[in-house]
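**Student:** please find the sequence and the predicted model below.
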Amino acid sequence: MSGLALEGIAKRFGALTAVDDLSLTVPHGTFVCLLGPSGCGKTTLLRMIAGLESPSAGRIVLDGAEITDLPTHRRDFGMVFQSLALFPHLNVRDNIAYALRIRGVPKAEQEARVAELLDLVHLPDFGNRPVGKLSGGQKQRVAIARALAVSPRLFLLDEPLSALDAKLREAMQVELRQLQQKLGITTIVVTHDQREAMTMADLVVVMGEGRIRQAAAPVEIYRRPADAFVADFIGSTNLLDVAANGSGHALVDGIPLPGVALPAGLKRARLSIRPEDVRLTAPAEAPLTGRVTFLRDLGGTVETFVAVAGTTVIAVSTPRERPQVAAGDAIGIQLPPEACVVLPQ
């Protein structure tokens, strides 16, 4: 089978279980983001894939061959660390050529490969520049080029963009994704930034407490989260406690929600709905009513905070759709059933 397979992977440090019985299949050429809060096990998992940590249990298989015990230097993987780890005493050209040189690649081939990679990362005239004279984004490109120099079977990146400012970070997200698509190389990135994952990935793997909570395409993760943890971690969402009436329809604070039902046998659950899907109306036109507590104008969007059923619901609208209300006003809330996701409590 072509691709990467993790089978029952676990990693324990004494009494601490960092990764717990995790299985995942990554088809060849896929861009994967391991996403989750600090301490969820994503970096430990990446280090096991790279061979920098040994699993306590399970197998790692690449293109049908087990590599669980294969030393790091024999895996032919490229890796970009969070610190980038460029050699400060070498210029850009020598940093990129380093892995080629220690493999005994002829000088002419080294020079040709470095020139090709400098073009690829949009730094064609930077070969002789000391790395200490580069900007953050330029250093990032050099680290990527160095990792790609040996045409790796797998490209691994650990929080590679975390040190960049917001605008440069977004630009590099697009560049990295375009580069991966051009090369067709299987790429795994560790990040805690859900926007970064949604921008770049074919497959988002949301991790929590050492386990995979959900692995799916970005739009599936966003629109159909598997549980409240995923719904709350990916983007912004409203979570409401709901109960089933006698016919299984959802009740919020005793009020039925038209078109929303709980799965058979489930008496209580949580309902997730994204702020952009909440509709605000006159109180008489909606099943739920609340009171406006705060309005936040962000220029391109307006956030309306509404107290309802013992919690706060946030609705996002455009300035043109902005409700003509002020803090303290009563307002109606409509929750379109097609935008509601019922989750286990």
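**Tutor:** Right, received. Where do you want to start?
**Student:** residues touching Pro152, list them.
**Tutor:** 76-78, 185 (C-beta atoms under 8 Å, 6 or more residues apart in numbering). In this view, the C-beta of every residue, glycine as well, is placed from N, C-alpha and C.
**Student:** does it count as helix, strand or coil?
**Tutor:** Assigned with DSSP: H, G, I helix; E, B strand; the rest coil, Pro152 falls in the coil class.
**Student:** please report how far it lies from Thr187.
**Tutor:** Using C-beta to C-beta, to the nearest Å, we find Pro152 at a distance of 10 Å from Thr187.
**Student:** try Leu6
**Tutor:** Applying C-beta to C-beta to Leu6 and Thr187 gives a distance of 16 Å.
**Student:** ok, Leu120 next?
**Tutor:** 14 Å.
**Student:** what's the answer for Phe77, then?
**Tutor:** For Phe77 relative to Thr187 (C-beta to C-beta), the value is 11 Å.
**Student:** list residues touching both of those two?
**Tutor:** 154-156.
**Student:** what is the nearest of those residues to Lys133?
**Tutor:** Phe155 (26.4 Å; C-beta to C-beta).
**Student:** quick check: bridge partners of the closest one?
**Tutor:** Gly78, Thr187 (DSSP bridges).
**Student:** contacting residues around it?
**Tutor:** 77-79, 147-148, 180, 185-188.
**Student:** quick one, phi/psi of the residue lying farthest from the centre of the chain?
**Tutor:** Centroid-distance maximum for the chain: Ala284 at 40.5 Å, with C-alpha atoms, centre = their mean. In terms of degrees, to the nearest 10, the main-chain angles of Ala284 are phi -70, psi -10.
**Student:** so it sits right up against Ala330, yeah?
**Tutor:** No: between Ala284 and Ala330 there is no contact under C-beta atoms under 8 Å: 9.9 Å.
**Student:** list the buried residues for the top helix by length along the chain?
**Tutor:** Secondary structure of the chain per DSSP state H: the longest helix is helix 166-183. For helix 166-183, burial by neighbour count (16 or more other C-beta atoms under 10 Å) applies to 169, 172-173, 175-177, 179-180.
**Student:** now these as JSON lines including pLDDT?
**Tutor:** JSON lines is the format used below for the buried residues of helix 166-183 (pLDDT from 0 to 100):
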{"residue": "Arg169", "pLDDT": "85"}
{"residue": "Met172", "pLDDT": "86"}
{"residue": "Gln173", "pLDDT": "90"}
{"residue": "Glu175", "pLDDT": "88"}
{"residue": "Leu176", "pLDDT": "90"}
{"residue": "Arg177", "pLDDT": "92"}
{"residue": "Leu179", "pLDDT": "90"}
{"residue": "Gln180", "pLDDT": "93"}
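**Student:** and which of these is nearest Arg103?
**Tutor:** Leu179 (22.5 Å).
**Student:** so between Leu120 and Thr187, which is more surrounded?
**Tutor:** Neighbour comparison, Leu120 and Thr187: the larger count goes to Thr187, with 26 against 16 (by other C-beta atoms under 10 Å).
**Student:** does the more buried one touch Leu34 like I think?
**Tutor:** No: using C-beta under 8 Å as the test, Thr187 is too far from Leu34 to be in contact (11.2 Å).
**Student:** let me know the secondary structure of the residue nearest to the spatial centre of the chain.
**Tutor:** In the chain, the residue lying closest to the centroid (C-alpha atoms, centre = their mean) is Ala197, at 2.9 Å. Classification of Ala197 by three-state DSSP places it in helix.
**Student:** wait, what's in contact with it?
**Tutor:** Ala197 neighbours (C-beta under 8 Å, 6+ apart): 33, 35, 189, 191, 204, 218.
**Student:** contacting residues around the longest helix of the chain?
**Tutor:** Residues contacting helix 166-183 (C-beta under 8 Å, 6+ apart): 31, 120-122, 136-137, 140-141, 144, 148, 155, 157, 160-161, 164, 187, 189, 196, 199-200.
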